[in-house]
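Participant: For reference, the sequence and a predicted model appear below.
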Amino acid sequence: MDAHANPAAHGKDHVPHVLPLSTYLKTWGALLVLTAVTVGASYVNFGAANLWIALLIASVKAATVALVFMHLYYDHKFHAVIFGVSLVFLAIFIIFTMFDTQTRGRADGIERERPADIKAPFAGTQAEQKLKEQRGALKIPGESAPTP
Amino acid sequence: MSVIAADDDLEGAPRPRGTNYINAERGIVSWLTTVDHKRIGLMYLGSVLVAFALGGFFALLLRLELLSPGHTIMSANQYNQAFTLHGAVMTFLFIIPSIPGALGNFLVPILLGAKDVAFPRLNLLSLYLYWIGAIFTLSSIVTGGLDTGWTFYVPYASTTNTSVLSVTFGIFVLGFSSVLTGLNFIVTMHKLRAPGMTWYRMPLILWSLYATSIVQILATPVLAITLLLLMAERVFHIGIFDPALGGDPVLYQHFFWFYSHPAVYIMILPGMGIISELIAVHAQRKIFGYKAIAFSSVAIALVGFLVWGHHMFVSGQSEVAATIFSFLTFIVAVPSGIKVFNWVSTLYGGSIKFTAPMLFAMCFLFLFTIGGLTGLFLGMLSVDMHLHDTYFVVAHFHYVMMGGTVTAFLGGLHHWWPKMTGRMYSQKLAAVAAALYFIGFNVTFFSQFILGTRGMPRRYYNYLDQFQPLHAFSTFGSWLLGVGFLLMLYYLLKSLKSGAIAPQNPWGGKSLEWTDAASPPVTENFEHRPVVTEGPYEFNEGKS
Amino acid sequence: MSATDKPARENEFQVAHHFDSADVQFDAGRMGIWLFLVTEILLFGGLFCAFAVFRSWYYADFVEAHHHLNRVMGAVNTVVLICSSLTMALAVRSAQMSKTKLTSLLIGVTLALSCVFLTIKFFEYSHKFHEGLLPGRYFTAEGFHGHHAGIFFAVYFMMTGIHGIHILIGMGLMIWLLRRNMRGEFSSRYYAPVEGFGLYWHLVDLVWIYLFPLLYLIG
């Protein structure tokens, strides 16, 4: 972000931000415990909640890895934004696709009940009534496709 | 200021003086191993122009075939292969890499006041990947052709015995190339701005390239996985897209359009950026609504991810999803509209010069507006049911992609040609070419709007006799377009040999490439590191 | 032209000509890696999307099919990957502290753990091949109630397969890192490739963290 903050700094060394060893070991321990928890939870049937419990634990683990091992907690905020944006767009991808896949066939019932006549799709509807009024006495050559 | 070199009286002028990025090193190896963004940009430019010529050649063949119903010059199978290659080459080998790869690579570091992009070697890799991808894609011409259309819809793409694999693999590789370019631009803009170059002092083309890069990074990997799944489907019959095995072909379309709809913004956004530059510089007027244009680019990039389902209104997608996508589609029109209004407001009261780049910018405004507005017809669910897969769609996306992006690309090419090559071209011939282009374009494609509303389906080899006059008219337009392009090729090549030496700032621009870099620039762009003290559009308007 | 392509010794590290300072160069590299990771997330995301769609359609079939995956092997592999993530994170740390030998050792351990991972994966795969638990048309296993177990295995093989390819690529990169580290190229002044690779490796772990419960535990 601050490419021009200090032009005179060329050649100055990068000083790494070293985390204490214990932080890594604790994170590792937490990840192992959470793995045990998620495996353990899979032996209990929570019904539909199975998925959400598994996802919740996985997300806690993923967040731990990202924040500590990947240094997101200590890094530039912008890198966290990049990471977050990717998750948002992944969510959009999945959710919008499922708008379709989860709601297919909603019109099937209506179409079964009131099947449309392909030759005269508007027969018996308000639209047909209006059309007739508009065209008045004009004779329409059937409701079939216009002659080429 | 703004001295437009009188071109014709400097025939046979001496070569540009001094060392610049073109003559700094010699020999083909120095070009193939260069990490100079300008040389990479120039190689990209050459490559995409070859791709454009190839795609254009297929287009002319298609139009010729459609001159009369039935067999004119090729068989139905050849016709299917020709339109597939036309689409695939133009989309993946030309439009997507055109502006970012060629002009973007050349311009981004210079406009920022940097010496190079952040990752110069990745930049070269991106070009190599482009070539490799292009070879795989084009290899289909000799290995059995491809007749799926550029969209590779399943189930046909997973069953046809044409060379789907090599093309999809080629496009998979091209995706990497595109991602690397986008990644490089984002990091460059964050990390390598010159002293004083704040975000709001960046020329607007950088904002639009930034937005483009966001889309490239977020969308392209989904294309990669789509193509991988398609390849797995073809080779291993894994069934994810095969309804006989429980899969879903419509899911393929979701995957494909999650990339390919945002990809149309990869195509148009850089063009919009170019137009912002051209209009401000050639009208010598401060751009109207800088922030509105800048943020509308980002808005288009982000909202563009929410509307892919409007390509699938007749695909068997659920009614609920179709309604949502139709509604959201109208929202994308808003930022595009903001841009057009701002450009027109910029022109108002400006000292407009009808230079070649300005003529192309004018073409853009006209053609893009038509293209954008007809997009609204197609975004409306009920109207699209009738217009879907007709020539109306073909005309619409040619107005946006060609009338928009290609016109902007040509405008940008004419605008930065003196900077890239150090030579001026003939303004008179350029004006004639722009006129031919504009007339040819409208003749070719406006007739297709009419064809579409009358029910002419797209991708058909044969058609009813009643459509013949309009088809013939459209084919005639394609010849005008062809002549226009040949003329452009002629005077641009001629300028390389005998064009007048370009001054540093032929158009009176205020951004860094004009004020601080020579024509053509030196290897690391600037003699002295530029320090930016004001925005790129601070023209002396009182004087003119 | 960046400093990374010269076989420079530790004290020869130079800031690439187009960067203002070493800090900017580091940040640029890290931002580049993060942007690359975004593409990885969306690449895998496509498969997660397919998983979500098909699981919601064929819930019973998915539950039935997932019982044919070996939960123990999956759990062991999870632990292996988490351990390799730790050793890689520690390798970055030791590179930051210029402990060259320790860095080599830790990268070596990570490499060994990735071999363990792939070996276990190999046994799992060969079991599936043997049983005919294969995607789509090649699904030949018998005794299933549902008709769509093939889709589950299509998703399973695509997900774990692409993940496995990432592990393989990671192993190649680790060998490359080891060579460079042994030549003494990395130190607290310059360790960007180690750090960048570390981020990649953690992401591969992160993907597995989701794959494991979704495929092995709940199906």
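Facilitator: Yep, that arrived. Note that the coordinates shown come from a computational prediction; the quantities given were computed from them, not determined experimentally. Numbers count the residues shown, from 1 in each chain, chains lettered A, B, ... in the order given.
Participant: Run the contact check for the helix or strand where B:H386 lies versus chain A.
Facilitator: Using DSSP states H and E, B:H386 sits within helix B:381-387. No. If you take CB under 8 Å from any CB of the partner chain as the test, helix B:381-387 misses chain A, and the best it gets is 11.6 Å. The way it works is simple: take the backbone N, C-alpha and C, and place the C-beta from them, glycine included.
Participant: tell me the contacts of the nearest residue to B:L111 once chain neighbours are set aside?
Facilitator: Setting aside the residues directly before and after it, B:L111 is nearest to B:P203 in space (CB to CB, 6 or more residues apart in numbering or on different chains), at 5.2 Å. By CB atoms under 8 Å, 6 or more residues apart in numbering or on different chains, B:P203 lies in contact with B:L111, B:S276, B:E277, B:S511, B:P536.
Participant: List of residues touching the helix holding B:H386?
Facilitator: Outside helix B:381-387, the residues within contact range by CB under 8 Å, 6+ apart are B:H310, B:F313, B:V314, B:A322, B:T323, B:S326, B:F377, B:L378, B:V393, B:G452, B:T453.
Participant: Apply 7 Å and report the result again.
Facilitator: Residues from elsewhere that reach helix B:381-387 (CB atoms under 7 Å, 6 or more residues apart in numbering or on different chains): B:F313, B:V314, B:A322, B:T323, B:S326, B:F377, B:L378, B:V393, B:G452.
Participant: Just send the residues you listed back as CSV, with distance to B:L218, secondary structure and neighbour count too.
Facilitator: Below are these laid out as CSV (distance: CB to CB, whole Å; DSSP: H, G, I helix; E, B strand; the rest coil; neighbours: other CB atoms under 10 Å in any protein chain shown):
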residue, distance to B:L218, secondary structure, neighbour count
B:F313, 24, coil, 24
B:V314, 27, coil, 13
B:A322, 23, helix, 22
B:T323, 25, helix, 15
B:S326, 23, helix, 20
B:F377, 28, helix, 17
B:L378, 24, helix, 22
B:V393, 25, helix, 22
B:G452, 32, helix, 26
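Participant: out of these, what pair is the most spread apart?
Facilitator: With CB to CB as the measure, no two of the contacts of helix B:381-387 lie farther apart than B:T323 and B:G452, at 23.6 Å.
Participant: of all of chain B, which residue lies closest to chain C?
Facilitator: Relative to chain C, the nearest point of chain B is B:G239 (2.9 Å; CB to the nearest CB).
Participant: mind checking how far that residue is from B:M312?
Facilitator: Computed as CB to CB, to the nearest Å, the B:G239 to B:M312 distance reads 21 Å.
Participant: likewise A:T38?
Facilitator: For A:T38, the distance to B:M312 equals 37 Å [CB to CB].
Participant: Those two - which one has more neighbours?
Facilitator: In terms of neighbours (other CB atoms under 10 Å in any protein chain shown), A:T38 is the more surrounded of A:T38 and B:M312; the figures are 25 against 20.
Participant: Run through who's touching the top helix by length along chain A.
Facilitator: Looking across chain A with DSSP state H, the single longest helix is helix A:77-101. Surrounding helix A:77-101, the residues in contact under the criterion CB under 7 Å, 6+ apart are A:1, A:66, A:72, B:218, B:222, B:254, B:258, B:305-306, B:309, B:317-318, B:320-321, B:324, C:30-31, C:34-35, C:38, C:41-42, C:45, C:48-49, C:52-53.
Participant: now the helix or strand following it, how far from the chain's geometric center?
Facilitator: For helix A:77-101, the following helix or strand on the C-terminal side (DSSP H and E) is helix A:108-113. Relative to its chain's centre, helix A:108-113 lies at 30 Å (CA atoms, centre = their mean, to the nearest Å).
Participant: what comes up buried for the next helix or strand after helix A:108-113?
Facilitator: Counting by DSSP H and E, the element after helix A:108-113 in chain order, helix or strand, is helix A:126-135. Within helix A:126-135, no residue counts as buried by 16 or more other CB atoms under 10 Å in any protein chain shown.
Participant: Likewise for stretch A:35-44?
Facilitator: Those would be A:T35, A:T38, A:V39, A:A41, A:S42, for stretch A:35-44 by 16+ other CB under 10 Å.
Participant: Also stretch B:62-79?
Facilitator: Neighbour-count burial for stretch B:62-79 [16+ other CB under 10 Å]: B:L62, B:R63, B:L64, B:E65, B:L66, B:S68, B:P69, B:M74, B:Y79.
Participant: From what I see, the last one and B:E65 are in contact.
Facilitator: Yes. Here B:Y79 reaches B:E65: they are 5.6 Å apart, a contact under CB atoms under 7 Å.
Participant: Next, find the distance separating B:N184 from B:E513.
Facilitator: 18 Å.
Participant: And the two? Which one has more around it.
Facilitator: Neighbours were counted for B:N184 and for B:E513 using other CB under 10 Å; B:N184 has more, 29 against 26.
Participant: Give me the pLDDT value at that one.
Facilitator: Per-residue confidence (pLDDT) for B:N184: 96.
Participant: same check, this time on the one 4 residues further on
Facilitator: Here the pLDDT value assigned to B:T188 is 96.
Participant: Give me the below-cutoff pLDDT ranges for chain C.
Facilitator: Applying pLDDT under 70 to chain C flags residues C:1-12.
Participant: rerun that using 90 as the cut-off
Facilitator: By pLDDT under 90, the weakly predicted segments of chain C are C:1-24, C:131-149, C:187-189, C:218-219.
Participant: Dump stretch B:51-69 to CSV, keeping only the CA atoms.
Facilitator: In CSV, the C-alpha atoms belonging to stretch B:51-69 read as follows (Å, rounded to 0.1, in the frame of the first residue of the first chain):
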residue,chain,number,x,y,z
ALA,B,51,-5.2,-14.0,-33.5
PHE,B,52,-7.6,-11.2,-34.4
ALA,B,53,-6.7,-11.6,-38.1
LEU,B,54,-7.3,-15.3,-37.9
GLY,B,55,-10.7,-14.9,-36.1
GLY,B,56,-11.6,-12.2,-38.6
PHE,B,57,-10.8,-14.5,-41.4
PHE,B,58,-13.2,-17.1,-40.0
ALA,B,59,-15.8,-14.3,-39.6
LEU,B,60,-15.5,-13.3,-43.2
LEU,B,61,-15.8,-17.0,-44.3
LEU,B,62,-19.0,-17.3,-42.1
ARG,B,63,-20.5,-14.2,-43.6
LEU,B,64,-19.7,-15.4,-47.1
GLU,B,65,-21.3,-18.7,-46.4
LEU,B,66,-24.5,-17.0,-45.2
LEU,B,67,-24.7,-14.8,-48.3
SER,B,68,-27.2,-17.2,-49.7
PRO,B,69,-29.3,-20.0,-48.1
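Participant: Disregarding flanking residues, what is the spatial nearest neighbour of B:A157?
Facilitator: B:A157 sits nearest to B:T148 (CB to CB, 6+ apart), 4.5 Å away.
Participant: contacting residues for that neighbour?
Facilitator: B:T84, B:Y156, B:A157, B:T160, B:V164.
Participant: Retrieve the pLDDT associated with the last one.
Facilitator: Reading off the per-residue confidence, B:V164 sits at a pLDDT of 91.
Participant: before we move on, what about the second one?
Facilitator: B:Y156 is assigned 91 on the pLDDT scale.
Participant: For it, the count of nearby residues, please.
Facilitator: 14.
Participant: With B:M189 instead?
Facilitator: For B:M189, the neighbour count with other CB under 10 Å is 25.
Participant: how near is the residue at minimal distance from the centre of chain A to B:F258?
Facilitator: Nearest residue to the geometric centre of chain A (CA atoms, centre = their mean): A:A91, 2.1 Å. Distance, A:A91 to B:F258, by CB to CB: 12 Å.
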